[in-house]
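# Fold the following and give me the result.
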Amino acid sequence: MSDEQKKMAIIATKGSLDWGYPPFILASTAAALGYECEIFFTFYGLKLLEKKLDLQVTSLGNPGMPMPMPMPVLVQALPGMQKMMTVMMKKKMKAKGVSDLEDLRDLCQEAEVRMIACQMTVDLFEMDTSHFIDGVEYAGAAAFFEFAGDSDICLFM
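Residues are numbered from 1 along each chain as shown. Below is the predicted model of the structure:
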């Protein structure tokens, strides 16, 4: 058995409230279990690095989302529905004791999870990196592959 530290690499591509939880939950858990962990944020996943998170739930295109009642796609597309479902989801998470997304992100930083922003995407969307949290590194896909190529677990979200 090898004494080498296990590694987990995550690619975060979504910037919504519901898609923000998996990378931070998995990374903080992996770090707590002793894994060296890195999250590569690209495209809309870069929203997860903003200092102030104001993310919405994405119900459209997500037929597996549990709702209090069946809701046809047409109803989900009505103005104000996304906001209403976001409020409902946040309320449910709080009632169930699920940590706030910003708290999970802070936990990842405390656990020394490396957070890499895709430089190409930052340049493509002309993003203002002053809106990102401290401690973010900037690199291209090749730098991520150096880590991911040696990882024991690699996840795409």
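# Just the strands from the protein, written as ranges.
7-12, 36-41, 114-118, 137-139, 153-156 (DSSP state E).
# Would you give the sheet partners of the second one, along with the direction of each?
I take that to be strand 36-41. Paired strands of strand 36-41, with direction, are strand 7-12 (parallel), strand 114-118 (parallel) (DSSP bridges).
# pLDDT (mean, whole number) over that strand?
Computed over strand 36-41, the mean pLDDT rounds to 98.
# returning to that earlier point: indicate which one of the strands paired with strand 36-41 is closest to residue 58.
Closest of these to residue 58 is strand 7-12, at 14.3 Å (criterion: Cβ to Cβ). (C-beta placed from N, C-alpha, C; glycine too.)
# Could you provide the strands of the chain in TSV, with additional columns for mean neighbour count and distance to residue 125?
Putting the strands of the chain into TSV (neighbours: other Cβ atoms under 10 Å; distance: least, Cβ to Cβ, whole Å) gives the following:
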stretch	mean neighbour count	distance to residue 125
strand 7-12	24	15
strand 36-41	25	12
strand 114-118	22	10
strand 137-139	14	13
strand 153-156	14	20
